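> 3D model of this:
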Amino acid sequence: MQLELIRTYFFNGTNGKILHKGVEITCSIELPWRDNRAGVSCIPEGKYELVKRWGPRFGRHLQVRDVPQRKDILIHPANDALRELKGCIAPVCFITGSGKGIRSRLAMKTLSALVYAAFDRHDQVFIIIKSKANEYT
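Predicted coordinates for the structure are as follows:
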């Protein structure tokens, strides 16, 4: 299974749309691009494998594997990138500003249902992260 995250970069955050087969599943928020610096930047554009993860803080969520020069990059609920994220991706139902959104837990539930169904079929899941101006091949 393959997802696409199409980003738009802003000074205070990064907004996106997560798609599957060209259909929007949810929106997303991230930190602004700051040269891939840990804790203050979104991750580089590219293709990454997703794996399932569970933890007491976020419950069922996803890990983004093999991010260059980074570790512990997750997809988990958050509504304000600057206050709640350290490089991770947060699905949200609606974008409310640069790096801000609402109803993140509901968006995470929607995304998880799709991705975990693929895991149940023993499919690998990848996400391709790109911007509108930078097509990934």
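
> mean confidence score for the helix or strand that Ile95 is a member of?
If you go by DSSP states H and E, Ile95 is part of strand 94-97. For strand 94-97, mean pLDDT rounds to 98.

> buried sites along that strand?
For strand 94-97, the buried set under the neighbour-count rule, 16 or more other CB atoms under 10 Å, comprises Ile95. Bear in mind the C-beta positions are built from the backbone N, C-alpha and C, glycine included.

> so which elements touch the next helix or strand along the chain from it?
Counting by DSSP H and E, the element after strand 94-97 in chain order, helix or strand, is strand 100-102. Strand 100-102 sits against strand 23-30, strand 90-92, strand 94-97, with contacts defined as 3 or more CB pairs under 8 Å, 6 or more residues apart in numbering; DSSP states H and E.

> run the chain-centre distance for strand 100-102.
Computed by CA atoms, centre = their mean, to the nearest Å, the separation of strand 100-102 from the middle of its chain amounts to 13 Å.

> can you name every helix or strand that the helix or strand following it contacts?
Sequence-wise, the next helix or strand downstream of strand 100-102 (DSSP H and E) is helix 104-120. Counting contacts by 3+ CB pairs under 8 Å, 6+ apart, helix 104-120 is packed against strand 23-30, strand 46-55, strand 59-64, strand 90-92, strand 125-131.
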